[in-house]
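Colleague: Task: produce atomic coordinates for the following.
(one chain, ligands or ions: 1)
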Amino acid sequence: MHSVKMKQVANLKCSVAVLIAIASVMILASTTSQAQHENVSARLVGTAAGTDAAPQVMIDNFVYSPVPLTVKAGTTVTGINPDDIPHTVDSAQGKFESAALDTDDKFEFRFTEAGEYPFYCRIHPKMTGKVIVQPQQLRKCSYLVLFPLTISAS
Ligand SMILES: [Cu+2]
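Modeller: Next up, the predicted model:
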C-alpha cells in the first residue's frame with residue numbers, strides 16, 4: 001500500500017515536471033516568435049520608408065542641419081537647399097559630390113556601409129556637416145533564430 005502511494009506521488013511529480021516543461025517551451029516559443037514578428041515589422045517599416053523615415057539634410061542660411069544626421073546602412077539621404085544661394089553637398093572623402101544646388105534643388109545619396117561621412121559645401125568650404133551611418137541590426141535576429149533551434153535540439 002505504502003509503495004503504491006509513493007509510486008503515485010512519483011508519477012504525479014513526473015507529470016507536473018512534464019507539464020512545466022511543455023508550458024515553458026510554449027511560453028518561450030510564443031515570446032520568441034512575437035519578438036521575431038516585432039523585429040520583422042520594424043524592418044519592413046524601415047525599408048518602406050527608406051530604412052529611416054526619408055532623412056533629409058536641409059541647408060538654411062549657410063548651415064546644414066541636422067549635424068550629424070544618423071541613419072541606418074542602406075538609407076538614402078536627401079540634401080535640400082531651400083536657400084536662395086547655391087550650395088553643394090560634397091563628401092570630404094570623395095564618396096559623393098552634388099551639383100551646385102539652386103533654390104529647392106535636391107541631391108540624393110544612398111549610404112550602404114556603416115561609418116562616418118563628413119561633407120562640405122565647395123562654394124563655401126566653411127559649411128560642414130556629417131552623416132553617421134550605423135550598421136543594420138542583424139545580430140539580434142540571428143540570436144532569435146538560433147534560440148528555438150537550441151531548444152528543439154536539447
Ligand atoms: Cu554653400
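Colleague: and stretch 78-97 with the ion, contact?
Modeller: Yes: using CB under 5 Å from the ion, stretch 78-97 comes into contact with the ion via residue 87. No exception for glycine: its C-beta is placed from N, CA and C like everyone else's.
Colleague: quick one: average confidence on that stretch?
Modeller: For stretch 78-97, the mean per-residue pLDDT is 97.
Colleague: end to end, how far does it reach?
Modeller: Stretch 78-97 stretches 13 Å from its first residue to its last (CA to CA, to the nearest Å).
Colleague: Can you name the residues in contact with it?
Modeller: By CB atoms under 8 Å, 6 or more residues apart in numbering, the residues outside stretch 78-97 that reach it are 54-62, 64, 98-109, 117-124, 127-129.
Colleague: in it, what's buried?
Modeller: 79-81, 83, 86-90, 96 (16 or more other CB atoms under 10 Å).
Colleague: Sitting in helices, which of those residues do you find?
Modeller: Assignment to helices by DSSP state H places none of the buried residues of stretch 78-97 there.
Colleague: Could you export the residues you listed as a markdown table, including distance to residue 69?
Modeller: Formatted as a markdown table, the buried residues of stretch 78-97 follow (distance: CB to CB, whole Å):
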| residue | distance to residue 69 |
| --- | --- |
| 79 | 10 |
| 80 | 12 |
| 81 | 15 |
| 83 | 17 |
| 86 | 21 |
| 87 | 16 |
| 88 | 17 |
| 89 | 11 |
| 90 | 15 |
| 96 | 14 |
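Colleague: Could you identify the most distant pair in the residues you listed?
Modeller: Maximum pairwise distance among the buried residues of stretch 78-97 (CB to CB): 19.5 Å, between 83 and 96.
Colleague: Relative to the ion, how far out is residue 127?
Modeller: Remark: distance between residue 127 and the ion (CB to the ion, to the nearest Å) = 5 Å.
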